[in-house]
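[1] Turn this into a structure:
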Amino acid sequence: VQLQASGGGLVQPGGSLSLSCAASGSISSIFVTGWYRQVPGNQRELVASLSNTGRTNYAEFVKGRFAISRDNAKNTVYLQMNTLKPEDTAIYYCNVKEWRFSAWRDSWGQGTLVTVSS
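    Model (predicted):
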């Protein structure tokens, strides 16, 4: 699976931004799509995930502000980010975890930079 992320940019505090991640190639029927973020010097951390069953999981620091969704027809996952804060500044990566051959397999997008600043 190849992932292409887009939608990053500069936004003022309190603003909104939407990220997209388009997947190409076949995906296993058991999978979890997710968004992670990383600040240089820090570990990559989970922001939100959405399983093939529709189950969502959000990091505490984005609950109530971010929403993950998926368009299966377009093989695209989205991250709607509202009420952005300067501490949301990071490189955001999309991820697909697939259950294949009795193991979870990871695919990553290239990352898109989100900068929250006035």
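
[2] so where is this protein shaky, pLDDT-wise?
    Nowhere does the chain drop to pLDDT under 70.

[3] in stretch 62-73, what counts as buried?
    62, 66-68, 70 (16 or more other Cβ atoms under 10 Å). In short, each C-beta sits where N, CA and C put it, glycine included.

[4] just stretch 80-100 next, same as before
    Across stretch 80-100, burial judged by 16+ other Cβ under 10 Å covers 81, 84, 88-98.

[5] tell me how far that stretch is from the chain's mean position?
    Distance, stretch centre to chain centre, for stretch 80-100: 4 Å (Cα atoms, centre = their mean, to the nearest Å).

[6] check which helix or strand covers the nearest residue to residue 104 once chain neighbours are set aside.
    Once flanking residues are discounted, residue 104 sits nearest to residue 97: 5.0 Å by Cβ to Cβ, 6 or more residues apart in numbering. Element membership for residue 97 (DSSP states H and E) is strand 90-100.

[7] contacting residues around the next helix or strand after that strand?
    Where DSSP H and E defines the elements, the next helix or strand beyond strand 90-100 is strand 103-108. Residues from elsewhere that reach strand 103-108 (Cβ atoms under 8 Å, 6 or more residues apart in numbering): 1-3, 23, 28, 93-99.

[8] Touching, residue 114 and residue 81? I think so.
    Yes. Counting by Cβ atoms under 8 Å, residue 114 sits close enough to residue 81 to count as a contact (7.3 Å).

[9] Which residues are in contact with each of these two?
    The contact sets of residue 114 and residue 81 overlap at 17, 19, 88 (Cβ under 8 Å, 6+ apart).

[10] coming back round to it: JSON lines for the buried residues of stretch 62-73, including secondary structure?
    Listed next are those as JSON lines, based on DSSP: H, G, I helix; E, B strand; the rest coil:
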{"residue": "62", "secondary structure": "helix"}
{"residue": "66", "secondary structure": "strand"}
{"residue": "67", "secondary structure": "strand"}
{"residue": "68", "secondary structure": "strand"}
{"residue": "70", "secondary structure": "strand"}
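
[11] Tell me which stretches of the protein form strands.
    2-6, 9-11, 17-24, 31-38, 45-51, 56-58, 66-71, 76-81, 90-100, 103-108, 112-116 (DSSP state E).

[12] Fine by me, we can end here.
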